[in-house]
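Peer 1: 3D model of this:
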Amino acid sequence: MGQIRDIMEKNVITIENDKTAQEAAEIIAEKDISFLVVINDGIPQGVLSESDFVRKIAAADKKSSEVKVSDIMSYKFRSVDPTTTIEDAVQKMLNKNIRRLLVTDNEKLVGVITQTDLASYLRDQLLVDGTIKSISND
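Peer 2: Got it, this is the predicted structure:
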């Protein structure tokens, strides 16, 4: 099985931790994504997801333009090295019940891998394996 660097998304959308929730929401809407990686001087500090907006802004009836990203982001995030095997990443995500892993190299953000990325990769592998098996049986 390959390594995370082979399938990770390298163009990660980020936001600085001192920006407002309104600015974050605009980026999420514009890019049609479900989360942002929150950084400070290029180092990941946390993750801001759509559910953070619901739980920490909408449910609390706060005004997004007055709330800092650092006040609502999730500080807990999991990361892996680019050389982590895909199998190990899948296992980590399953064991921790998480949807995404940041990919870091010497603490610097170099990519992200999501459940969707892994599902696509595994689907492709099953299709390739099925094709090879079909050809072998012919």
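Peer 1: Which helix or which strand is home to residue 126?
Peer 2: helix 115-137 (DSSP states H and E).
Peer 1: Now do the same for residue 124: its pLDDT.
Peer 2: If you check residue 124, the pLDDT there is 82.
Peer 1: Check the burial of it by counting its neighbours.
Peer 2: By other Cβ atoms under 10 Å, the residues close to residue 124 number 11. Yep, even glycine has a C-beta here, placed from its N, CA and C like the rest.
Peer 1: what's the answer for residue 28, then?
Peer 2: Using other Cβ under 10 Å: residue 28 sits among 19 other residues.
Peer 1: roughly how far apart are it and residue 15?
Peer 2: Between residue 28 and residue 15 the computed distance is 9 Å (Cβ to Cβ, to the nearest Å).
Peer 1: Then residue 53?
Peer 2: Going from residue 53 to residue 15 by Cβ to Cβ gives 13 Å.
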